[in-house]
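Colleague: no FASTA, just this:
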């Protein structure tokens, strides 16, 4: 069984400020972890993923996330927010290959960027 | 290379009507998935398929059926639509190899059931 909790359904940041989105997971197998971004009226786009290699993962658009096994966390950060970062962000955990690589998603965090 | 496409983009149904949502992918992916997205609940898996002719239930399968007759297509059917099925539906696909298991998503289908 696996689950994902994203703390904060809405986050407001000023342009140029740090973006921090929190994600905690539970998984009965070594997890693969993902962050996806969804812009208005669009599908989901992969930002980055952790697949048991380096614990600090760099993604597109300046985002990065750190896998911390001891804390069961995979928080997403970006040093300086841009207006184009306004979107909804989803953290997801993947189960085993035998389970069809199914993803379990968190509830999402909507990011508002203030000028 | 179109990736994952979904038809239709938007549909309005009356309670009790039926419809089929079509998902197509041109990336030769083995696995395909149907999700629904509702506010505050993220995406929840309805059904998935690990290969042609094989389907399995996800987290919220009730009221839906699926078929995968061809590797590139995955159909989601609603036999008797209910207002609770008003949602945005996303299809996704991925390779079987866990090292390449990124799921690629379609643009979504907005369904309103009156």
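Modeller: The structure has been received and is ready for your questions. From a predicted model like this one, the values you see are computed outputs, not experimental measurements. Numbering: from 1, shown residues only, chains lettered A, B, ... in the order given.

Colleague: Stretch A:83-103 vs chain B: in contact?
Modeller: Yes - taking C-beta under 8 Å from any C-beta of the partner chain as the criterion, stretch A:83-103 and chain B are in contact, through A:90, A:94, A:97, A:100-103. Glycine gets a C-beta too; all of them are placed from N, C-alpha and C.

Colleague: Endpoints of that stretch, how far apart?
Modeller: Stretch A:83-103 has an end-to-end distance of 29 Å (criterion: C-alpha to C-alpha, to the nearest Å).

Colleague: How far off centre is it?
Modeller: Using C-alpha atoms, centre = their mean, to the nearest Å, we find the averaged C-alpha position of stretch A:83-103 to lie 7 Å away from the chain's own average C-alpha position.

Colleague: Show me what the one helix or strand residue A:104 maps to is packed up against.
Modeller: Residue A:104 is part of strand A:103-105, with elements assigned from DSSP states H and E. Other elements packing on strand A:103-105 under the criterion 3 or more C-beta pairs under 8 Å, 6 or more residues apart in numbering or on different chains; DSSP states H and E are strand A:2-7, strand A:87-94, strand B:43-51.

Colleague: Which of the ones you listed has the highest mean neighbour count?
Modeller: Ranked by mean neighbour count, these are led by strand A:87-94 with a mean of 24 (mean count of other C-beta atoms under 10 Å in any protein chain shown).

Colleague: can you put the helices and strands packed on strand A:103-105 in CSV and add distance to residue B:63 and mean pLDDT?
Modeller: Below are the helices and strands packed on strand A:103-105 laid out as CSV (distance: least, C-beta to C-beta, whole Å; pLDDT from 0 to 100):
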stretch, distance to residue B:63, mean pLDDT
strand A:2-7, 23, 92
strand A:87-94, 24, 94
strand B:43-51, 9, 94
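
Colleague: so which of those gets nearest residue B:1?
Modeller: Minimum separation from residue B:1 across those (C-beta to C-beta) falls at strand B:43-51, 21.1 Å.

Colleague: Against which helices or strands is the closest one packed?
Modeller: For strand B:43-51, the packing partners by 3+ C-beta pairs under 8 Å, 6+ apart come out as strand A:103-105, strand B:31-37, strand B:54-57, strand B:65-67, strand B:73-78.

Colleague: near chain A at all, the longest one?
Modeller: Yes - interface with chain A: strand B:31-37 contributes B:31, B:33 (C-beta under 8 Å from any C-beta).

Colleague: before we move on, what about the last one?
Modeller: No - contact check for strand B:73-78 against chain A, using C-beta under 8 Å from any C-beta: none in range, with a minimum separation of 12.8 Å.

Colleague: One more: the fourth one?
Modeller: No - in terms of C-beta under 8 Å from any C-beta, no part of strand B:65-67 sits within range of chain A; the closest distance is 13.0 Å.

Colleague: Quick check: the gap between the nearest residue to residue B:66 once chain neighbours are set aside and chain A.
Modeller: For residue B:66, the nearest residue in space outside its immediate sequence neighbours is residue B:47; the separation is 4.2 Å by C-beta to C-beta, 6 or more residues apart in numbering or on different chains. Distance, residue B:47 to chain A, using C-beta to the nearest C-beta, to the nearest Å: 10 Å.
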